[in-house]
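Asks: take this sequence and fold it.
(chains A, B, C and D)
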Number of protein chains: 2
Amino acid sequence: MNYKEEKITIGDIADALGISKTTVSRAISGKGRIGSETVQRVQEYIKEHDYRPNPLAKGLANARTYNLAWVMPGDSEVTDLPFFQRCMIGISEAASERDYDVIMSLVYDDDMASLVRIVKNHKVDGVILGRTLVKDERIEYLKSQGIPFVAIGSCSYDNVIQVDNDHLKACSEFTGALVLKGLKNLSLIGGMSTHMVNQSRKRGFEEGLETNKLAVEKKNIYMDCISDSAINRAVEDVLKKNIDCIVCMDDRICSQVLEHLRNLRIEMPADIKVASMYNSVLLDNVVPAITAINYDPKELGYEACKVILNKISGEEVALKTLMGYNILMRGSTN
Amino acid sequence: MNYKEEKITIGDIADALGISKTTVSRAISGKGRIGSETVQRVQEYIKEHDYRPNPLAKGLANARTYNLAWVMPGDSEVTDLPFFQRCMIGISEAASERDYDVIMSLVYDDDMASLVRIVKNHKVDGVILGRTLVKDERIEYLKSQGIPFVAIGSCSYDNVIQVDNDHLKACSEFTGALVLKGLKNLSLIGGMSTHMVNQSRKRGFEEGLETNKLAVEKKNIYMDCISDSAINRAVEDVLKKNIDCIVCMDDRICSQVLEHLRNLRIEMPADIKVASMYNSVLLDNVVPAITAINYDPKELGYEACKVILNKISGEEVALKTLMGYNILMRGSTN
DNA sequence: TTGAAAGCGCTAACAA
DNA sequence: TTGTTAGCGCTTTCAA
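Replies: Next comes the predicted model:
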């Protein structure tokens, strides 16, 4: 355990033990027939000298980089960062279990230069896409390059490996649960309809109503509320109607809805109930606590990473993996 | 421009052009003497076939990985994420200009496993540290390994390359500016004193007062206000005194101070002024706008990355680089 | 069960 | 100015 220990190679081990490099290599990888005694000796030597194979050399021989790319929008909203951060944590964890590392690629709306560079330069064995659009250039590019990739979230492209929260089921069940609580007049306030996730949530909402024999009132569904003012307008519109509960499509929308209600001096939950299809730290400090669907982005990242690593190793993988959720019924709908 | 083009190597180019691999290599790197005509031909061929050198092979030959590690706390506060994100953007930009990529390493308080793995496995040529502590295990580890690294932010260790905002100067000037505005009774509310940055800000505050011939009242300086309730207590204490202006050490503290003032129905700036030593998106929507010091984390990241890349290339680099700032005098101190 | 040798794609002495 | 050759550290046929 010297400071700055000089780098030891497979050849050094071979010399020290009086065997060949081939044998050492096999003892390490476990491939091919080897005497178990030899394996022992090699393993011991490795432990003792803290030997680590050089991933470049290994990679060169195997056509592998032992790196993955993690693509996230460089211009993501502040409110999206916690999601990506927790994804990352899961990804890092899964990657390191297989001695892989994760290269960041920040992609802006139209400019994929960073992703293209990484892929063209053969810097990674696979790619994890952080968020997908209904029409997504990056997916088209990656497909054209034939490099393994997985999308976190759903997309409409054929034959794309996806790992997603089960939004449809969750939102349907969530909506149903609200209805069963006696909230029959629901209004949905949602974000960009170009996001797959928002499309699923909307469908889930509708299915939840239908399952409970309630009509879907298009006029009570407000999509594409991008700006705060759009959300505010939707809230004001809702208040003119006979609505029991505002269902917010995500945490950001929910927190804006809450703020606007506060400004309007509307009491929640006395005057109107509020629920969110996505729980997050943004809603942590609200009183009373917000009824919401809870997912774990870390699990999402972890699973996505495992899937793509399996794919890279040549295993068959499911085209779509859906992650669980739990529904938190809390004070905001009482 | 085929789909999935098969990988072309330096050898293919050599064959196609009837020259040797060495010549091709030289034509690409520009090292050694070469006929300019040859360079031309090679360059053309490369353009046409969109050839990219294999970084693994290049790395193996040069003992380089063409990767940097970017270390950030895995458990960072939500409010810190925008800072790290903007740093990242700058880092990515600088890295890609030199055909480098950035590997993420999320480090938790006590567990450096991820960093150690990356370094031991020789996955990177250098490391960028996202935030430093007064006593920082990671710095000690990296020093012991002799791997080039740069710290964003300052630290007390000898011989560590640092890139930081000029907090001391900024805060001193900032404090001075407040005093010149007639706010002579200042109170400082600050975070953990184990953070270097907080130590600098505190010193800057004190120097700003001293420069203006004002005494430093220890009792008006509240350090280590970690929790919201600690901040609230500090605010309440301040209100009992004859204080003109609360100087908040960072954006998070400031936004909590503002919230508490609101809850207490204290008017800002009528009853008391507020200023922040760190501007951020957290303060964007406050009315009136908050007087604050503005830095650009992206520049910080960009510079840090350039410095470490220079160091890796064997250049002499400054041990300490200080980045500029600007002071925004706004409504909150009028 | 083990080893010799070639090869992954690139660089860099050394020669020519 | 260009080419030959060896080598970076590892894997993998093919032989022994």
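
Asks: low-confidence bits of chain A, can you list those?
Replies: Residue ranges of chain A with pLDDT under 70: A:1-6, A:110.

Asks: how about the residues of it by DNA strand C?
Replies: Within chain A, the positions near DNA strand C by Cβ under 7 Å from any atom of the strand are A:18-23, A:26, A:32-35, A:37-38, A:57, A:60-61, A:63. (Glycine included, C-beta is placed from N, CA and C.)

Asks: swap the cut-off to 10 Å and go again
Replies: A:10, A:14, A:17-27, A:31-39, A:41-42, A:56-63, A:122 (Cβ under 10 Å from any atom of the strand).

Asks: among those, name the ones in helices.
Replies: A:10, A:14, A:17, A:21-27, A:36-39, A:41-42, A:56-62 (DSSP state H).

Asks: got a ChimeraX select line for the buried ones in those?
Replies: The ChimeraX command for the buried members of those (criterion: 16 or more other Cβ atoms under 10 Å in any protein chain shown) is given here:
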select /A:10,14,17,23,24,25,26,27,41,42,56,57,58,59,60
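
Asks: near chain B, from the ones in helices among the residues of chain A next to DNA strand C?
Replies: Among these, the ones lying near chain B by Cβ under 8 Å from any Cβ of the partner chain are A:Leu56, A:Ala57, A:Gly59, A:Leu60.

Asks: ok, so of these, who is nearest B:Val150?
Replies: A:Leu56 (22.8 Å; Cβ to Cβ).

Asks: hang on, A:Ser172 packs against A:Gly204?
Replies: Yes - at 4.3 Å, A:Ser172 counts as touching A:Gly204 under the criterion of Cβ atoms under 8 Å.

Asks: how about A:Leu258, what does it touch?
Replies: A:Met268, A:Val274, A:Val286, A:Ile290 (Cβ atoms under 8 Å, 6 or more residues apart in numbering or on different chains).

Asks: and with 7 Å instead?
Replies: A:Met268, A:Val274, A:Val286 (Cβ atoms under 7 Å, 6 or more residues apart in numbering or on different chains).

Asks: A:Glu217 too?
Replies: Shown in contact with A:Glu217 (Cβ under 7 Å, 6+ apart): no residues.

Asks: can you report phi and psi for it?
Replies: Backbone torsions for A:Glu217, taken as degrees, to the nearest 10, come to phi -90, psi 100.

Asks: not counting its neighbours along the chain, what's nearest A:Thr194?
Replies: Excluding its sequence neighbours, the residue lying closest to A:Thr194 (Cβ to Cβ, 6 or more residues apart in numbering or on different chains) is A:Val134, at 5.1 Å.

Asks: correct me if wrong: A:Thr65 contacts A:Gly59.
Replies: Yes - with contact taken as Cβ atoms under 7 Å, A:Thr65 and A:Gly59 are classed as touching, separated by 5.2 Å.

Asks: for A:Arg262, pull up the helix or strand it's in.
Replies: helix A:251-263 (DSSP states H and E).

Asks: spell out which parts of chain A neighbour DNA strand D.
Replies: With Cβ under 10 Å from any atom of the strand as the criterion, chain A meets DNA strand D at residues A:6-14, A:20-29, A:31-33, A:51-64.

Asks: circling back to that earlier point, so what's the residue count around the residue nearest to A:Thr194?
Replies: 15 (other Cβ atoms under 10 Å in any protein chain shown).

Asks: could you do A:Asn165 as well?
Replies: Neighbourhood size, A:Asn165 [other Cβ under 10 Å]: 24.
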